[in-house]
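>>> Prediction below, plus the sequence it came from.
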Amino acid sequence: MSGYDEFVGTRQVAESNRFDVEALERYLRANIDGFAGPIAVAQFKGGQSNPTFVLSTPGKRYVLRRKPPGQLLPSAHAVDREYRVISALAQTGVPVPRTYCLCTDDAVIGTMFYVMEHVEGRVLWDPLLPGMQPTERSAIFDEMNRVIATLHRVDYRALGLESFGKPGNYFGRQIDRWTRQYKASATDSIDAMDRLIEWLPANIPQGEQSAIVHGDYRLDNMIFHPTEPRVLAVLDWELSTLGHPLADFSYHMMTWRLAPHEFRGLRGCDLSALGIPDEQAYLASYLRRVGAAVPAPEEWNFYMAYNMFRMAGILQGVKARALAGNAASAQALEAGSRARPMAELGWQQVERMRAGH
């Protein structure tokens with residue numbers, strides 16, 4: 001089985017992301033045991049944020065993640081944080097790629113980058129998992145559930161990650177952060193976003209919990225075993241921090257509130273026939289695994305509204321980068337155009353809450 005570039009697809013390195021391959025090769029020879037060139041570089045097609053490349057050498061393949069070139073939003077594209085958390089989680093039961101080196105010297109290829117192993121397996125893009133049997137779908141969903149529960153039960157203090165995020169007031173800080181990020185990248189007015197910016201800070205549920213949160217935990221950010229329903233590596237830890245585990249899990253569960261034609265979601269599908277658990281069953285499996293109580297309906301709807309607001313902020317950033325010409329993906333402008341409908345879906349969760357659903 002070949003690597004995940006077969007599933008995601010690679011292309012020639014975009015002009016805006018080109019770098020000095022010989023300088024990279026010299027750096028890797030000095031910083032990775034056993035590294036031997038020459039390197040052939042291809043860029044992964046996927047990914048709206050940090051450009052990602054496969055480095056092929058005669059004996060081995062590696063993956064390089066870098067900050068994009070050009071003007072960037074404050075605190076965005078934190079590949080050094082990604083490297084730190086992946087390296088720490090290697091000591092746990094959370095499946096992550098092996099990391100090799102982090103380069104903070106912009107002089108080498110123009111921006112900060114890190115190198116990790118190239119994991120062989122499948123990237124699955126459509127949560128409906130076309131072509132699979134119901135039992136296969138059920139096993140894939142149960143495995144995703146198991147892995148995120150494993151992550152949220154990790155003792156971050158034992159890994160030396162106490163400084164990986166600030167304790168307490170997670171929702172307040174995140175709402176403030178994404179409000180600022182959204183306003184810094186706004187290209188037009190979105191009424192639903194303005195309403196969420198006003199409503200969310202005044203309606204944060206009581207109670208604080210802290211765990212390592214992935215920040216973008218979804219089906220296509222995992223590499224599955226070539227034939228088994230087993231996650232070999234969770235990818236894309238750029239948004240990881242210490243935060244409320246139910247914020248992270250409800251982000252993952254937005255899929256149940258989104259329609260297939262909107263955002264590759266599950267809403268309106270015959271989940272029972274497909275072998276996919278419904279929203280309540282999937283939530284119950286997670287809560288059982290982490291030993292947590294069932295959140296009240298209004299609390300759960302808040303989490304959904306918050307995550308849709310946050311995703312709208314992320315998509316708006318993608319749109320701004322696309323318009324500026326330094327987005328990582330050719331589909332960035334199309335993805336960024338979804339900021340408005342995502343914000344509107346977020347406001348619908350608030351209206352659902354007000355209606356008592």
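Ah, there it is.

>>> and for the strand or helix carrying Ile197, what are the contacting residues?
In this structure, Ile197 sits in helix 191-199 according to DSSP states H and E. Here helix 191-199 makes contact (Cβ atoms under 8 Å, 6 or more residues apart in numbering) with 175, 179, 182, 305, 308-309, 312-313, 316, 339-340, 343-344, 346-347, 350. Backbone N, C-alpha and C define where each C-beta goes, glycine included.

>>> Closest one of the residues you listed to Pro226?
Using Cβ to Cβ, Met308 comes nearest to Pro226 of the contacts of helix 191-199, at 33.8 Å.

>>> Let me know the pLDDT of Gln206.
pLDDT, Gln206: 88.

>>> try Lys166
Confidence score, pLDDT, at Lys166: 86.

>>> quick one: Ala139 and Pro229 touch, right?
Yes. Assessed by Cβ atoms under 8 Å, Ala139 is found in contact with Pro229 at 3.6 Å.

>>> got the residue ranges for the helices in this protein?
Ranges of helices within the chain are 5-8, 21-31, 79-89, 134-152, 170-185, 191-199, 245-252, 260-263, 271-274, 279-290, 297-324, 332-336, 339-354, based on DSSP state H.

>>> Now do the last one against helix 170-185, angle only.
Interaxial angle of helix 339-354 relative to helix 170-185 (axes from the mean of the first three to the mean of the last three Cα atoms, to 10 degrees): 150 degrees.

>>> Identify the residues contacting the residue positioned nearest the centre of the chain.
For the chain, the residue nearest the mean C-alpha position is Asp216 (2.6 Å; Cα atoms, centre = their mean). Residues in contact with Asp216 (Cβ under 8 Å, 6+ apart) are 236, 238-239, 251.

>>> from these, which ones fall inside strands?
Using DSSP state E, no member of the contacts of Asp216 sits in strands.

>>> now Asp126: how far from Asp220?
As judged by Cβ to Cβ, to the nearest Å, Asp126 and Asp220 stand 9 Å apart.

>>> what's the neighbour count on the closest residue to Ser56 other than its chain neighbours?
Once flanking residues are discounted, Ser56 sits nearest to Ala40: 4.4 Å by Cβ to Cβ, 6 or more residues apart in numbering. Other residues near Ala40 come to 12 when the count uses other Cβ atoms under 10 Å.

>>> picking up where we left off before, now the two most distant members of the contacts of Asp216.
Farthest pair in these (Cβ to Cβ) is Glu238 and Tyr251. Separation: 13.8 Å.

>>> more crowded one of these two?
Tyr251 (24 against 20).

>>> which residues does that one contact?
Here Tyr251 is in contact with 215-218, 307, 310-311 (Cβ under 8 Å, 6+ apart).

>>> I'd like the distance between it and Ser138.
Counting by Cβ to Cβ, the gap from Tyr251 to Ser138 is 22 Å.

>>> and Ala184, how many residues sit next to it?
Number of residues near Ala184 (other Cβ under 10 Å) recorded here: 14.

>>> next one: Leu159
By other Cβ under 10 Å, neighbour count at Leu159 equals 18.

>>> Contacts only, for it.
88-89, 91-92.

>>> Any quick ChimeraX command for the buried ones out of these?
ChimeraX command restricting the contacts of Leu159 to the buried ones, with burial defined by 16 or more other Cβ atoms under 10 Å:
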select :88,89,92
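
>>> which of the contacts of Leu159 has the weakest pLDDT?
Confidence-wise, Gln91 trails the rest of the contacts of Leu159, at 89.

>>> Can you tell me the closest non-neighbouring residue to it?
Per Cβ to Cβ, 6+ apart, closest to Gln91 is Leu159, 6.5 Å.

>>> returning to what we had before: and which of the contacts of Leu159 is nearest Met116?
For the contacts of Leu159, the nearest to Met116 is Leu89 (12.0 Å; Cβ to Cβ).

>>> my guess is the closest one contacts Arg98, does it?
No. With contact defined as Cβ under 8 Å, Leu89 and Arg98 do not form a contacting pair (11.0 Å).

>>> Low-confidence stretches in the stretch 201-350 of the chain?
323-336 (pLDDT under 70).

>>> State the phi and psi torsions of the residue lying closest to Glu143 once chain neighbours are set aside.
Counting by Cβ to Cβ, 6+ apart, the nearest residue to Glu143 once its immediate chain neighbours are dropped is Pro229, at 5.1 Å. For Pro229, the backbone dihedrals are phi -80, psi 60 (criterion: degrees, to the nearest 10).

>>> Pro229 reaches Ile140, doesn't it?
Yes. Shown here, Pro229 and Ile140 form a contact pair, counting by Cβ under 8 Å, at 4.8 Å.

>>> If you count surrounding residues, which of the two has more?
Ile140 (24 against 17).

>>> so what's the more buried one up against?
By Cβ under 8 Å, 6+ apart, the neighbours of Ile140 are 124, 129, 132, 224, 229.

>>> what's the farthest-apart pair in those?
Longest span within the contacts of Ile140, Cβ to Cβ: Met132 and Phe224, 11.3 Å.

>>> Neighbour count: the two, which is higher?
A direct count of neighbours by other Cβ under 10 Å for Met132 and Phe224 places Phe224 higher, at 23 against 16.

>>> Name the nearest residue to the more buried one, ignoring sequence neighbours.
Arg122 (4.6 Å).

>>> what's the neighbour count on that neighbour?
Neighbour tally, Arg122, other Cβ under 10 Å: 18.
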